[in-house]
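K.L.:
The sequence and its predicted three-dimensional model are supplied below.
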Amino acid sequence: MANGLALSGWRAHATLWGGLVALVAHATIAFAVSSVLGRPRQGRSPITLEIETVERHPVPIEPPPPKIEPPTPVPRVANRWPSAKPPAPLPPPNREVPPAPPSAEPPPPVFGVTPESVIEGESGVAVPVGNTLMTKDRTPAKEPPAPLPPAVDPDAFAPVADNLVCQPAAMASEVKADYPPEARRLGIEGRVQLRVGVDRQGNVRWTRVIKSAGYGLDEAAKQALARSKFKPAHACDGRLVDQVVPWTYTFQTER
């Protein structure tokens, strides 16, 4: 009986120890699994994902262009008017064109009266008798007369060369020039050289300044010469001729 009790006690202890061993084994396995799963993997860095969002604006949708209808073709109306004159038919080939008939010259007009319409006796009207052509001029044509040469103007100024003049033009009555007030106030003195056109009557036709003195002296000299009188030039054959002579006007203040 004692052996039976001892055997039953050993079985009870074996069962208890087996349960403890199984419990410890499970706990160890669970700890190992949790350690392996919770430990991070070595050699691999965590992957970072960056997401960029792009804001897209709605693209405006343009309406389609309006449809252009093609213009309605205008019907062309053919000119149905008949031509004023139809074209002349062409001559057949390899045939000579007949010459046109000569145009008949219209008969000349008749201006005479018939002999039957003439009565005997005196009459104050004379008319031709028969087929007469009174309007036809039978005289030969005359050549137009030659044109007359242009008339020479006797008053035209035509100076002659100096080598044809034996007595040059000379001053007959000189008009003293007025001294310009501005030049007199400034004490300006000078000489004005001119060329004077003297006609065959001794009149001054024109003056031209060759060397100017300024300060109004040129105009004063020209005005004085225009009022002066010259003796006309004589050609070597004794004729009075036009001539261009030089002239100098001297302006000097009173001292």
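P.N.:
Received, thanks.
K.L.:
these two touch, right, Ala213 and Tyr179?
P.N.:
No: the pair Ala213 and Tyr179 does not pass the contact test of CB atoms under 8 Å, sitting 11.8 Å apart. Yep, even glycine has a C-beta here, placed from its N, CA and C like the rest.
K.L.:
neighbour-wise, which of those two wins?
P.N.:
Ala213 (20 against 17; other CB atoms under 10 Å).
K.L.:
intersection of neighbour lists for Ala213 and Tyr179?
P.N.:
By CB atoms under 8 Å, 6 or more residues apart in numbering, Ala213 and Tyr179 have these common neighbours: Phe251.
K.L.:
Helices along the stretch 151-255 of the chain, start to end?
P.N.:
Under the criterion DSSP state H, counting those that start in this stretch, helices of the stretch 151-255 of the chain are mapped to 181-186, 217-226.
K.L.:
mind putting those helices in a markdown table, mean neighbour count, distance to Asp242 and mean pLDDT included?
P.N.:
As requested, the helices of the stretch 151-255 of the chain are arranged in a markdown table below (neighbours: other CB atoms under 10 Å; distance: least, CB to CB, whole Å; pLDDT from 0 to 100):
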| stretch | mean neighbour count | distance to Asp242 | mean pLDDT |
| --- | --- | --- | --- |
| helix 181-186 | 12 | 33 | 89 |
| helix 217-226 | 19 | 16 | 93 |
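K.L.:
Let me have these in JSON lines, adding distance to Pro168 as columns.
P.N.:
Listed next are these as JSON lines, based on distance: least, CB to CB, whole Å:
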{"stretch": "helix 181-186", "distance to Pro168": "31"}
{"stretch": "helix 217-226", "distance to Pro168": "16"}
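K.L.:
Nearest to Arg195 among those would be which one?
P.N.:
Smallest distance to Arg195 across these (CB to CB): 10.3 Å, for helix 217-226.
K.L.:
that older thread, and Pro70, which of the helices of the stretch 151-255 of the chain is closest to it?
P.N.:
If we rank the helices of the stretch 151-255 of the chain by CB to CB, the stretch that ends up nearest is helix 217-226, at 83.1 Å.
K.L.:
quick one: contacts of the closest one?
P.N.:
By CB under 8 Å, 6+ apart, the residues outside helix 217-226 that reach it are 174-180, 183, 188, 190, 192, 194, 196, 204, 207, 209, 212, 247, 249, 251.
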